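**Q** With the input below, show me the fold.
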Amino acid sequence: MIDLPYSLIIEATDEPDYFGFYSDTLDGFSGIGHSVEDCLYQARWGMIEHVKLLKEMGMPVPRPSEHPRVVIVNETKPQGASLPEFAPA
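**A** Numbers count the residues shown, from 1 in each chain. The predicted model follows:
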């Protein structure tokens with residue numbers, strides 16, 4: 001069982017040991033990890049700290065998700081954000 005208070009989205013990147021993660025229900029929460037497992041570990045403790053900070057700042061804190069989900073997807077890149085191709089000299 002994955003013990004997270006909020007849903008989590010993990011994005012795989014072109015780099016095999018670099019993943020980004022965020023929660024679509026916990027505003028402002030994001031991070032990076034070197035594996036899916038690392039992201040889950042960091043997210044679990046990071047969500048707790050993020051909620052503490054929101055409370056300290058008097059900001060609204062969403063209710064924990066009744067059925068949080070973890071979704072792993074490929075990184076979404078803005079359209080037109082491809083790197084230019086260079087011809088060898």
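
**Q** what's the helix or strand for the most centrally placed residue in the chain?
**A** Averaging the C-alpha coordinates of the chain gives a centre point, and the residue nearest to it by Cα atoms, centre = their mean is Phe21 (1.6 Å). Assigned by DSSP states H and E, Phe21 belongs to strand 19-22.

**Q** Who are the packing partners of that strand?
**A** Secondary-structure packing of strand 19-22 (3 or more Cβ pairs under 8 Å, 6 or more residues apart in numbering; DSSP states H and E): strand 8-12, strand 30-33, helix 36-56. The C-beta positions use only the backbone N, C-alpha and C, and glycine is treated the same way.

**Q** which residues does the residue nearest to the centre of the chain contact?
**A** With contact taken as Cβ atoms under 8 Å, 6 or more residues apart in numbering, Phe21 is in contact with 8-11, 30-33, 39, 42-43.

**Q** one more time with 10 Å
**A** Going by Cβ atoms under 10 Å, 6 or more residues apart in numbering, Phe21 touches 8-11, 29-33, 36, 38-40, 42-43, 46, 70-72.

**Q** again, but for Glu11
**A** Residues in contact with Glu11 (Cβ under 10 Å, 6+ apart) are 18-22, 30, 32, 39, 71-76.

**Q** Kindly report the same for Ala43.
**A** Counted by Cβ under 10 Å, 6+ apart, Ala43 has contacts 2, 4-6, 8-10, 21-23, 26, 29-31, 33, 50, 70.

**Q** Separate out the buried members of those.
**A** 4-6, 8-10, 21-23, 26, 29, 31, 33, 50 (16 or more other Cβ atoms under 10 Å).
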